[in-house]
Every structure is written in structure tokens, then in C-alpha cells.
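Chemist: Dropping a prediction and its sequence here:
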Amino acid sequence: MPVLLLSHCSSPHYPRESNVYAPAPSTSARVEDRSVAKSRPGLGTQLGGELPDSSRAAAFYRQSSGGPDAVGMFHYNDDEGARLMAGLQGHPVRRSGAFDLVPGKLRVSVTDGYWRSSKTLDHYEAGQGFFVMGSPGRSYALKLENRTNRRMEVVISVDGLDLLDGKPASVKKPGYIIPAKSSVIVQGMRVGGKLFSLEFGAVSQARAATAFGQKGARNVGVVGMACYEEDEAARRRVQVEEIYVREGARAFGS
């Protein structure tokens, strides 16, 4: 399995976003938020145990200067909830295996656990939507397949939270780099510099609800992916500049 590469958005055309978060609600507001979330049926995503992290930072040169080249999303819930959601879109068809979240570019599957041998969860297809079926208390991971001939950067959100920092998601944040014609497994969410597994659980226990109250809980049940193609010319230009720097290196003296 290729090592996950964390982009630090080296594109000169796409500045990093400076996010500002609202102050935490008062204690009474948090109690009210949790009581509302507790009454909601279905699944959210909570954090499980800490996982070893073998990923590393790498440069990626975004081709687009105005936003992602493509954006896709899908929903998840328990079996009944996923079926009902799919039914609202038309005639749901239950399927197994991966699905084309961004046709021709990104194929996705949700696995029961974070190992390469883990079983792929079933999903419903209806209209243009996908609705994955999870089970309470079970961990899961996201398998992403880059179907193009170029490297791709994918910014991932779960329940409206970015997987690289556990904070409110934005398409402008860094993402995961997937080599051409390859796949990677994204095992969890990073919070405070540590990687934690993703687990299906009650809405009231979801990371979005416990960390961001009712405002965060509104986004449970959805996974989003923003895809960026690479500016190959910019990448080669930097490589050439590095070659010239290395040619001028001295073995002795300064």
C-alpha cells in the first residue's frame, strides 16, 4: 500500500486559508446541544483508539487557482436510515464494493476496519447519490483510488470536519496525495497531532457533536472529497531549480 502523503499546498496560485472559529458555547448551551443530539436516530462518527501514523508531508502543486477540480460526497447511516435516505432519491439499489464518487477520477469504498483485508461495506445507490450502511461500534476506513494518470490531492471531510486536523472542513485546506493509478487507505482523523480511528456511533457521541455542539451535529452522516489535479509544469520547474542548486553544491568549503 502506498504511503499516504500529506500535501502542504505548495501551489503559488492557491493561498492557505486562515480559519477563524467561533468561541465555545456556554455550559448551558452545551447541555442543550447534547440533549438535542441525543434524541436523533442513526449514526455519526466518533473517534476510537490511537493509531500509528506512517504518513509524511510532501509538496503538491495545485493546477486550479479558483477551487477544486471536482467535488463529491456521499452519506452514511445504519441500514434502515441509509435505505430511507436513498428512497427519497428514487428507487434504491443495494450494491457491494466501491463506487465512482467522481467518475473517471476517484473511486471510493468504505471498509469495515482499517486493514487492507477489511470487508467493503454495502451501500445503496439512488439517483446520483450513494448511501453507505454502517453498524454502531464498528470502526471504518476510506479507500480512495486515483483512476487518472497524474497524482491527485484529495481533501476529505467527515461530518463536516477535516480529517487532517479535526476542525471544520474547507476545500482550501491541505489533503492527501494519491499517486497515479494507485489507491490509499485513510484510516482515521488527526486531532492534536495524533491519529485516531473512525467509529460509527450515536449522533450525540460523534466528534462533530461533542466538539462543536449542535452546530457541528447538523453535519453528521456525510463524507465529502474535494479533488485537485497537479500543475505538472510547476512541479517540473521546481525540480529543475533544485537541480541547479545541487550542481552548485561544494564538497569542501563554503
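Modeler: In hand now; what should we look at?

Chemist: so where is the stretch 151-254 of the chain shaky, pLDDT-wise?
Modeler: Flagging of the stretch 151-254 of the chain using pLDDT under 70 yields the residue ranges 254.

Chemist: Show me where it has its helices.
Modeler: Secondary structure of the stretch 151-254 of the chain (DSSP state H, counting those that start in this stretch): helices at 207-217, 232-247.

Chemist: do the same with the stretch 1-150 of the chain
Modeler: Across the stretch 1-150 of the chain, reading from the start of the chain, the helices by DSSP H, counting those that start in this stretch fall at 27-38, 79-87.

Chemist: The first one - what's its average pLDDT?
Modeler: So that's helix 27-38. In this model, helix 27-38 has an average pLDDT of 51.

Chemist: do the shortest one as well
Modeler: Mean pLDDT, taken over the full extent of helix 79-87, equals 96.

Chemist: Now find how far off-centre that helix is within its chain.
Modeler: Using C-alpha atoms, centre = their mean, to the nearest Å, the distance from the centre of helix 79-87 to the centre of the chain it belongs to is 22 Å.

Chemist: Which residues does it contact?
Modeler: Residues from elsewhere that reach helix 79-87 (C-beta atoms under 8 Å, 6 or more residues apart in numbering): 41-43, 75-77, 92, 123-126, 129, 131-133. Placement of C-beta: from N, CA and C, glycine included.

Chemist: Please export the C-alpha coordinates of it as CSV.
Modeler: Provided in CSV are the C-alpha atoms of helix 79-87 (Å, rounded to 0.1, in the frame of the first residue of the first chain):
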residue,chain,number,x,y,z
ASP,A,79,-29.2,0.0,7.3
GLU,A,80,-32.7,1.4,7.9
GLY,A,81,-31.6,5.0,7.8
ALA,A,82,-29.5,4.6,4.6
ARG,A,83,-32.4,2.8,2.9
LEU,A,84,-34.8,5.5,3.8
MET,A,85,-32.5,8.3,2.6
ALA,A,86,-31.9,6.5,-0.6
GLY,A,87,-35.6,6.0,-1.1
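
Chemist: Pull out the buried residues from it.
Modeler: For helix 79-87, the buried set under the neighbour-count rule, 16 or more other C-beta atoms under 10 Å, comprises 81-83, 85-86.

Chemist: can these go into CSV with extra columns for distance to Ala57?
Modeler: Listed next are the buried residues of helix 79-87 as CSV, based on distance: C-beta to C-beta, whole Å:
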residue, distance to Ala57
Gly81, 37
Ala82, 36
Arg83, 41
Met85, 37
Ala86, 38
